[in-house]
Structure formats: C-alpha cells, structure tokens
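In: no sequence on this one, just coordinates:
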C-alpha cells in the first residue's frame, strides 16, 4: 500500500517520482512483519519509448515473533531499462536490497529454550538480496495492472536462487 507523486523535470528527457509505501513483508495480517520505504524514481535516460529508470529508497523493516523482535535499516537500488508507452510498459528488473544495520532483541523464552547468552544489540550488514527479472504493465485508465517476476539470490548459503513474483494494482487520480 503506498502513494507516489510525479514531478516533470527537464521536459521530455527526465522525470522524477517520489513515493512511499508500507508492505506486509510476509503477508501476515498480524502486522508483526512490516517494510516501510520512502524513495525516488528517476527516468535517467529517455529515448523515444526507451527509458532507463533508477530507483533508490531507504528501507526500514520490523519483525516481531515469539523468539525475537528486530528493526533493520537498509537501502534498495533498482535499475529498470525498458519500453514505455502511454498504455503499456515492459522492462528488465535488476535490483539490490541491502540491509546495513539490524537491532535484535531475543525474547526471554528464546534465552531459556535455545541460547541463554543471546544478546540484544546492533548487528552490521545483515542481509542482501539481488534480483534479476522482468516486469510488464498495462494502463486501463484510471487503473494500472503490473506484473513482475524473476529470480532472487540472498546472501545466505542457498544453493539455488529463489523465484519472486508480484502483482500490483495502481489507481491514478
């Protein structure tokens, strides 16, 4: 769930959009796992239908489980070269989501059951996700329907990259 505002700049060559959104990171309705972003997207290059979109956003994630609670601070950088018209778009999706600092607080039950020496504190460079995929959108005024999907690789020791997918609906006023 979010909002965006476009700002025309430098004629047809460059445009800027500022936005903010809130996401349930795991789809849970309990609001325990959330992501908050405020960012900007710029069309760094426009040549006819071609655009090179660059997005940068600071990210705050929260998680609250029976074992721990945490707040993570990070950044998201996305490059999206593609074709854009008034009614549709298709683009390559290349992104890096980097978590720089995380403050973790293990619960008392975690300390009793798993590890008595678990400490509350700040931890650095705690995660990274690299994405490579494709996206497409169609605009049926005032609604835009967008699909995005591809592969993502985390900084963990996973042998195979995971697939990701997203369906977005946008209303334009």
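Out: Noted; the coordinates are in hand. From a predicted model like this one, the values you see are computed outputs, not experimental measurements. Numbers count the residues shown, from 1 in each chain.

In: sec struct for residue 112, please.
Out: helix (DSSP: H, G, I helix; E, B strand; the rest coil).

In: any idea how far residue 118 is from it?
Out: According to C-beta to C-beta, to the nearest Å, residue 112 and residue 118 sit 10 Å apart. Yep, even glycine has a C-beta here, placed from its N, CA and C like the rest.

In: more crowded one of these two?
Out: Ranked by neighbour count (other C-beta atoms under 10 Å), residue 112 and residue 118 place residue 118 first, with 16 against 9.

In: in a helix, that one, correct?
Out: No. Per three-state DSSP, residue 118 lies outside any helix segment and is coil.

In: quick one: the strands in the chain, in order.
Out: With DSSP state E as the criterion, the chain has strands at 2-9, 14-24, 34-47, 50-64, 68-84, 88-106, 121-140, 143-154, 162-171.

In: which residue lies nearest the spatial centre of the chain?
Out: The structure's the chain has its C-alpha centroid closest to residue 76; by C-alpha atoms, centre = their mean the separation is 6.2 Å.

In: surely that one and residue 94 touch.
Out: No. Taking contacts as C-beta atoms under 8 Å, residue 76 lies outside contact range of residue 94: 11.9 Å.
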